[in-house]
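**Q** fold the stuff below for me.
(chains A, B and C)
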Amino acid sequence: MAEVFFFLAAIGALAGAIGTVALRSPFYSVLSLVCHLLSLAALFLLLRAEFVAAAQVIVYVGAVMVLYLFVVAYVGGGADPISTAGRPGLRWASALFAGALFAELSIAVLGTGLSALGEEGSGWFAGFGTPSEIGRLLLTDFLLAFEVASILLLVAAVGAVILARRRTGLDDAREISVGDLLRSGSRDALTGGDAGTMIEVEGPPRR
Amino acid sequence: MNVEWYLIVSALVFSIGAGGILVRRNPLVILLCLELMLNAGNLALVAFARAHGNEDGQIFALIVMVVAACEVAVGLGLIVAIYRRRLPIDVDELRELQG
Amino acid sequence: MSLETYGWLVLAFPLAGTVLIALSWRLGPSKLQGYVGTLAVALSFLSALGALFELQDRGEEQRQVVTVGWDYAHTVGVDAQLSLLLDPLSIFMALVVSGVSALIHLYSVSYMASDRGYTRFFAYLNYFVFSMLLLVLAGNFFFLIVGWAFVGAASYLLISFWYRRTTATAAGIKAFVINVVGDVGLVLGTYFIFKHTGSLDFVKAFGAADELGRNEGDLVAGCLLLLVGAFAKSAQVPLHTWLPDAMEGPTPVSALIHAATMVTAGVYLIARMHPFFEQAPAAADVGAILGCTTLLIAATIGLVVTDLKRVIAYSTMSQIGYMVMGVSSAAYAAGLFHLMTHAFFKALLFMAAGSVIAAMAGEQNLDRMGGFRRAMPFTFGCMAIGGLALAGVPPFAGFFSKDEILANVIAREDWHVVLGVLGYVGSLLTAIYTWRMIFRAFFGDPVEPARELEHGHLYHAPEHTNPATGEVEDTDVGFPGPEHHIAEREWSMKVAMALLAVGAIFAGVVQIPRVTDVLHNFLEPSFRDSRYYEELEPSGGLTWIGLAVGAVLALGGIALAYRLWMQEPARPAAIRQRLAGVHAFLVRKWYFDELIDTLVVRPFAMFGRFARDVFERVFVDGLLVGGPAGAVRAGSAAVRAVQSGFLRYYAALLLVGVTGLGLYFLLAAS
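**A** Now for the predicted structure:
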């Protein structure tokens, strides 16, 4: 039974991954990644990592991916072809290297001398992977990592705010804001229209 | 299930993510592929945690998730800022940090 | 006071003088500074006199005293001490130097009175006297070299005293460069001697001189190098070209440095180093031959030059040739005697010439002078006395000293006799050119400045010009002052010239052959270790013949000059036309300047250009500097290509790297 679930989840994960890479529209890529993440959560469950699976679904899918969706909706992003501009060979080369990397890792895994890998795993005790266990470890053995991670979150939050805020003072004429969006009315501000009421000079084309 | 299987899946997802970074031009999608790679790492970690029988790998995976979240926040903030300045959202076009 | 104290005082007074005068520059030019300088040198002279008396009070065997002021260093077998050697030779030189310098200082107090650089002049002049005294009193090679270098520097400073005149600065540089060549020779010679005797101290080194082999290669080389130094300082062939140009300096400078003192440093050097020169007769012979050559070359050039000061300069060169010839042929007392008398009458001649030039408002060309006899009787008298002494007319001083040298040289037998005969030829030429100068300047029809002076009015030129090139100048600092001072009107100039004239007349008394032997006996303790000092004595017959020949040649030369320039004024021009080639050759100073230009200056300039264009540009800049810089630039350009700005390129590199690393670990593990 476990194998069935494993294969289902694995196929889901791989399909999601390939979809993320291959789909044209970024929106679809994000959705594909969501699918991949959910499959990964299932795999975590199979590995008796209940808390991690829950965290994956709640944090990763529920928060990070939703943020992604917001940004994709804001930025848009037209369908861009996978092919690289002016470097057609790069596509095949990257596929080759990715394949090479996979081959190496597989060889490493399959040919390894690590004894435990060929079996199901060592002792699973009751409470393995439960929130109480994770919580105990986080607050005793891994307290430092826990605190540092929280600082990292703080830094990232501040950074994100600073990066994305609107500058006060002199307006960069090329910037557009949500206010502009709302004020534009029927005009399609996302495409950065020509000289209009609030969007002034279009700056010199950047390359 | 042998732990090996999970590791193979992890390796496969990792390679797919790596290839994806190389072929896509939209920075958003590149970030998504980066997520793929991170998650592949997470999977490997949790698999090894199961193999060794202690939860250190899971803790590690949690921290990785935190880091991934932070990185996504900052990365997306960057992309929003780029978009606001009317620059093309194309990694091949954004190459002023050169020389 | 003891001998040592007197010795240090001799040095201390001029040093104090120069420092005091230099520090007082803020007061502006004032005659007080001139008197302070004169006083300093006069006190130095008195200290030298005191030292002389103290020295003579000692017994015969104790007349070589070394006094050490300070131990500088005792390393690597080198003892460098601030030590003075006080013996008859050094006291004699100190007396001559300080005595004549004091009189020249007195002369300059009035002569340079209207020059804006008055303070600087006296500071330099005192500094020079200090350096020269250091040179002659030094007790080891170290301080000899220090004094030597200081004297060279003082000479440069004083020649280029009127520093805004390009001719003066060029002359200063020329003198200094040739002096430096001599310095190198001196230092290298010192090294050779140090190598063999193991000591820099004079007394110790001379004591070790006997153990050296006779005419040993190293010793000859060392002595030849010392000769290079001596010749550069004393303006002997081939390092003589700076002396005529050095007449660009003010006349007191010419009198002091280039007649009486600095140029005699070479003679002093050879006399002092006599133990080595006697052990290396090859070098001494070279010195004698070159001295003789110089005296002839300079005498011939003196016949044709038209600049008043340069005539006297060439006569200096010639007379120093006599001295060098003398001391190189072991006629030490004679050479030093001539040094003393020459100091008197040459300084006198320069002072008188300065007076004439002042009367001409700076003009130095003999062609434009004439008939100053009535206008400037005192100057004429001094010039005549100096001229008679120089020509060697008995009973003036030059007669006895020059003939003493020549008699001793001939007494050396073998080929030195040729040198002596040539010396007599030179004395004939000396008489001719000296009195040519005097007849042209003082006899004949008075020129305009002379006529004005007869009416009691000093001539002023319409504008101030460089006498050599005719460029217009002003009279501010760096150029001569607006006023000129002649001897007839300034008491200090008269006193100085009068004292020197007395010396020029009576100094010969000191060493009349067969009658008085004052100098010879006085200097004996310094030359006790010489094998020639006592033995070399011309026989009675030789002496009297020499004196007679000398007198005849001197008077004959004067008569010839009288005939050519007074009685038949057209003859010189006619001779010049007939011997035009010879005349041109002599006027161009035997083409020595051109020779040195071709042999030395041009190759060096070419080498410099080569170094700049090829070596510096191609090798150093291109290869040594540009090579690594270019390599770094190319390397960084290659590395910079990695920073293409393409994000995916970076990611690709990362991926390739990870793959490679994994491959490596896989292979390593298997």
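**Q** assign C:Arg116 to helix, strand or coil.
**A** What DSSP: H, G, I helix; E, B strand; the rest coil gives for C:Arg116 is coil.
**Q** pLDDT wise, what is it at?
**A** Predicted confidence (pLDDT) for C:Arg116: 86.
**Q** please look at it and C:Pro480 and confirm they touch.
**A** No. Between C:Arg116 and C:Pro480 there is no contact under CB atoms under 8 Å: 9.3 Å. Every residue, glycine included, has its C-beta placed from N, CA and C.
**Q** any idea how far C:Thr190 is from C:Ser199?
**A** In this view, C:Ser199 and C:Thr190 are 11 Å apart by CB to CB, to the nearest Å.
**Q** more crowded one of these two?
**A** Taking neighbours as other CB atoms under 10 Å in any protein chain shown, C:Ser199 and C:Thr190 compare with C:Thr190 leading, 22 against 19.
**Q** before we move on, which element is C:Glu68 in?
**A** One correction, residue C:68 is Val, not Glu. For C:Val68, the host element (DSSP states H and E) is strand C:65-75.
**Q** again with C:Phe121
**A** helix C:118-137.
**Q** so what's the residue nearest to C:Gly546 when sequence neighbours are not counted up against?
**A** The shortest distance from C:Gly546 to any non-neighbouring residue, by CB to CB, 6 or more residues apart in numbering or on different chains, is to C:Ala407 (4.3 Å). Residues in contact with C:Ala407, defined by CB atoms under 8 Å, 6 or more residues apart in numbering or on different chains, are C:334, C:420, C:513, C:538, C:542-543, C:546.
**Q** switch the cut-off to 10 Å
**A** C:331, C:334, C:420, C:423, C:513, C:536-539, C:542-547, C:549-550 (CB atoms under 10 Å, 6 or more residues apart in numbering or on different chains).
**Q** hmm, which of those residues are the buried ones?
**A** Applying 16 or more other CB atoms under 10 Å in any protein chain shown to the contacts of C:Ala407, the neighbour count classes C:331, C:334, C:420, C:423, C:513, C:536-538, C:542-543, C:546-547, C:549-550 as buried.
**Q** okay if I get those residues as TSV plus secondary structure and pLDDT?
**A** What follows is these, written out as TSV (DSSP: H, G, I helix; E, B strand; the rest coil; pLDDT from 0 to 100):
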residue	secondary structure	pLDDT
C:Ala331	coil	89
C:Ala334	helix	90
C:Gly420	helix	90
C:Gly423	helix	93
C:Pro513	coil	76
C:Leu536	coil	77
C:Glu537	coil	79
C:Pro538	coil	78
C:Leu542	helix	82
C:Thr543	helix	84
C:Gly546	helix	87
C:Leu547	helix	88
C:Val549	helix	90
C:Gly550	helix	90
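**Q** is it true that A:Ile107 touches C:Ser670?
**A** Yes. Using CB atoms under 10 Å as the test, A:Ile107 is close enough to C:Ser670 to be in contact (9.1 Å).
**Q** looking at the two, which has the bigger crowd around it?
**A** Taking neighbours as other CB under 10 Å, A:Ile107 and C:Ser670 compare with A:Ile107 leading, 15 against 7.
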